[in-house]
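Asker: just need the structure, nothing else, for what follows:
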Amino acid sequence: MKLRPFRGYRYNGAKVSDLSRVVTPPYDQIDPETRDSLHALDPWNFVRITLGRPEPGDTGEGDRHRRAREHLERWLAEEILIRDPEPAVYPYLTTYRAGGETLSRMGLIALGEVAEYAEGVVLPHERTHAGPKAERLRHLEATGADTGLIFMLTSDPAGELLRLATSPPAPPLAAARDLKGELHQLWRIADRAAIARIQALLADKRLIIADGHHRYETALEYRRRHAGADLKLMAVFPLEAPGITIFPTHRLLHNLERFDAGALLAQARRWFQIERGPALSDPAAEAGALTAAMDARVRSGAPALAMVAGADGAAWLLTLRSDAFEAVPWPAGTSPAWRRLAVSVLHEALLKPFVGITEEILRQQSCVDYSADAAEAVALVRKGSYQAGFLISPTTPEELQAVVRAGELLPQKSTFFYPKLLDGLVFSRLSDEA
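Answerer: Next up, the predicted model:
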């Protein structure tokens, strides 16, 4: 991957004293309620640029994108946003809590040269949809600003990238907490020799998109329409570092005709060993116990998942038997690594053959919702909001790399990288980088 330093735009610390009030999650993590909250939080909140809300009198989404451009130009004129004086790459450190531990994730922000997937430089792991890409392209055309980071992973077993990305011994340029309270900090490396070492290390590296497939493919389309626009803002993290956290995305079923948990379990015994789960009245405690039991089986090499159904506390652990693995009707051409993913086992060995959840239903999300919070998933089933919930183990970075490097895409909603990167810490303008 060819990386380039850039003169980043950032909030002016002399005018914006609390960055936590102005930075935002990625656009696809902002629902209407969150958008309204961010709008109310601060008049300079970056949501006005990345995902402005509709206003009375609008005739289409073009008005929303026009206002984003107006906010950007006004904030630059008023020096709410300022540009760094020299090209740099930006070390980006996130310190957060997950699994009862405090973890750190360090990477580098730079401009990367976009490449078609067929070139093998950038590897996707999920499919995209036309609607979000069209909306992001209109936003990019209107604002002329590259505001959304692509979350990239690259293999770095020797830890060289981590050493080069280590933050300089100085206070950060920027520090902010996200909506979950996690700390994000930004530094700047402008030394040409240090940048050259980073560029040389990453020159032959392949990158895997963790988050930001729609934004990356939007950048590709923008390049097709605008010769020379071949750079995209991205943050690159070492895949093997301990701070790469992937949460599972649990499944919640609703609006299924004639769904019967007992009948499903009876059919599932063809391939699964089934055990009754713990009967606990507290959803968080129940989710914790189910997750611990499920993960213990997974660590021993047995694909396992958990199911909750109804308000009476019924829960089950389902472990795919080794003698049944080859009997599952796996999609043709899928690799052993793909088939052993927890989400693949759930879809192919349970939901599709015994519940009738087709690929079309999964694409349309007509009967399946998702949650990255096991306690929330259990609580929603127990209160009757869903017919059943299925808890799965997370996809590991090693599994992700094995599947992607085999040229395959993961099933839909296989990963939830945590924490999400922040928009508004630093960004670029397309006209400056052309």
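Asker: quick one, phi psi at M294?
Answerer: Here is the backbone geometry of M294 (degrees, to the nearest 10): phi -70, psi -50.
Asker: tell me the buried residues in stretch 142-155?
Answerer: Buried residues in stretch 142-155, defined by neighbour count with 16 or more other C-beta atoms under 10 Å: 142-143, 145-155. C-beta here means a position set from N, CA and C on the backbone, and glycine is covered the same way.
Asker: tell me the one of those residues nearest A377?
Answerer: The nearest member of these to A377, counting by C-beta to C-beta, is F151 at 24.0 Å.
Asker: quickly find the element holding that closest one.
Answerer: strand 150-154 (DSSP states H and E).
Asker: who does that strand pair up with?
Answerer: strand 207-211 (antiparallel), strand 231-238 (parallel) (DSSP bridges).
Asker: with respect to burial, which of the ones you listed scores highest?
Answerer: Of these, the one with the most neighbours on average (mean count of other C-beta atoms under 10 Å) is strand 231-238, at a mean of 26.
Asker: how distant is that one from the center of its chain?
Answerer: 14 Å (C-alpha atoms, centre = their mean, to the nearest Å).
Asker: do the same with stretch 415-425
Answerer: Relative to the mean C-alpha coordinate of its chain, stretch 415-425 is positioned 7 Å out (C-alpha atoms, centre = their mean).
Asker: could I get the CA-only coordinates of it as CSV?
Answerer: The C-alpha trace of stretch 415-425 is given here as CSV (Å, rounded to 0.1, in the frame of the first residue of the first chain):
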residue,chain,number,x,y,z
THR,A,415,-17.7,-8.5,12.7
PHE,A,416,-18.2,-5.6,15.0
PHE,A,417,-14.9,-3.9,15.6
TYR,A,418,-14.7,-2.0,18.9
PRO,A,419,-14.2,0.9,19.5
LYS,A,420,-15.3,2.6,16.3
LEU,A,421,-12.9,5.2,14.9
LEU,A,422,-13.9,8.9,15.4
ASP,A,423,-14.7,11.4,12.7
GLY,A,424,-13.5,14.9,13.3
LEU,A,425,-10.1,14.2,14.8
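Asker: M152 pairs with what?
Answerer: I209, V236.
Asker: using JSON lines, please lay out the buried residues of stretch 142-155 together with distance to M307 and pLDDT.
Answerer: Compiled in JSON lines, the buried residues of stretch 142-155 are given as follows (distance: C-beta to C-beta, whole Å; pLDDT from 0 to 100):
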{"residue": "A142", "distance to M307": "46", "pLDDT": "96"}
{"residue": "T143", "distance to M307": "45", "pLDDT": "96"}
{"residue": "A145", "distance to M307": "46", "pLDDT": "96"}
{"residue": "D146", "distance to M307": "43", "pLDDT": "96"}
{"residue": "T147", "distance to M307": "41", "pLDDT": "95"}
{"residue": "G148", "distance to M307": "36", "pLDDT": "94"}
{"residue": "L149", "distance to M307": "36", "pLDDT": "97"}
{"residue": "I150", "distance to M307": "35", "pLDDT": "98"}
{"residue": "F151", "distance to M307": "31", "pLDDT": "98"}
{"residue": "M152", "distance to M307": "35", "pLDDT": "98"}
{"residue": "L153", "distance to M307": "31", "pLDDT": "98"}
{"residue": "T154", "distance to M307": "37", "pLDDT": "97"}
{"residue": "S155", "distance to M307": "35", "pLDDT": "95"}
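Asker: wait, what's in contact with G144?
Answerer: The contact partners of G144, by C-beta atoms under 8 Å, 6 or more residues apart in numbering, come to 69, 429-431.
Asker: and the residue lying closest to it once chain neighbours are set aside, what is it in contact with?
Answerer: The spatially closest residue to G144, leaving aside those adjacent along the chain, is L430, at 5.1 Å (C-beta to C-beta, 6 or more residues apart in numbering). For L430, the contacting residues are 140, 144-146, 222, 226, 229, by C-beta under 8 Å, 6+ apart.
Asker: before we move on, what about Y386?
Answerer: Residues near Y386 by C-beta under 8 Å, 6+ apart: 252-254, 369, 380.
Asker: let me know the closest of the residues you listed to W44.
Answerer: Using C-beta to C-beta, D369 is the member of these that sits closest to W44, with 34.3 Å.
Asker: coming back round to it: I'd like the list of the contacts of G144 that fall within helices, please.
Answerer: If you go by DSSP state H, these have 69, 430-431 in helices.
Asker: hang on, the earlier thing: can I get the contacts of Y386 in a markdown table with distance to E119 and neighbour count?
Answerer: What follows is the contacts of Y386, written out as a markdown table (distance: C-beta to C-beta, whole Å; neighbours: other C-beta atoms under 10 Å):
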| residue | distance to E119 | neighbour count |
| --- | --- | --- |
| L252 | 38 | 21 |
| L253 | 40 | 21 |
| H254 | 41 | 15 |
| D369 | 36 | 17 |
| L380 | 43 | 20 |
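Asker: which one of those is nearest A210?
Answerer: For these, the closest approach to A210 (C-beta to C-beta) belongs to D369, at 22.4 Å.
Asker: name the strands paired with whichever strand or helix holds that closest one and say parallel or antiparallel.
Answerer: In the assignment (DSSP H and E), D369 maps to strand 368-371. Using DSSP bridges, the strands paired with strand 368-371 in its sheet are strand 250-253 (antiparallel).
Asker: and for the very next helix or strand once past the strand it pairs with, what are the contacting residues?
Answerer: If you walk from strand 250-253 toward the C-terminus, the next helix or strand you reach (DSSP H and E) is helix 261-268. Helix 261-268 has contacts (C-beta under 8 Å, 6+ apart) with 274, 307, 309-310, 314, 316, 318, 350, 353-355, 388.
Asker: for stretch 356-370, same thing?
Answerer: For stretch 356-370, the external contacting residues (C-beta under 8 Å, 6+ apart) are 249-256, 347, 351-352, 386, 411-413.
Asker: swap the cut-off to 10 Å and go again
Answerer: By C-beta atoms under 10 Å, 6 or more residues apart in numbering, the surrounding residues in contact with stretch 356-370 are 127, 129, 248-259, 331, 346-347, 350-352, 355, 377, 380, 385-387, 389-390, 411-413, 416.
Asker: just the buried residues of stretch 142-155 now: which is nearest P87?
Answerer: Sorting those by distance to P87 puts D146 at the head of the list, at 15.0 Å, by C-beta to C-beta.
Asker: picking that back up, most widely separated two among the contacts of Y386?
Answerer: Distances among the contacts of Y386 were taken as C-beta to C-beta; the most separated pair is L253 and L380, at 10.9 Å.
Asker: for R105, see how far away the closest residue in space to A98 that isn't next to it in sequence is.
Answerer: Once its chain neighbours are removed from consideration, A98 has its nearest residue in T245; the separation is 4.9 Å (C-beta to C-beta, 6+ apart). Computed with C-beta to C-beta, to the nearest Å, the distance linking T245 and R105 is 8 Å.
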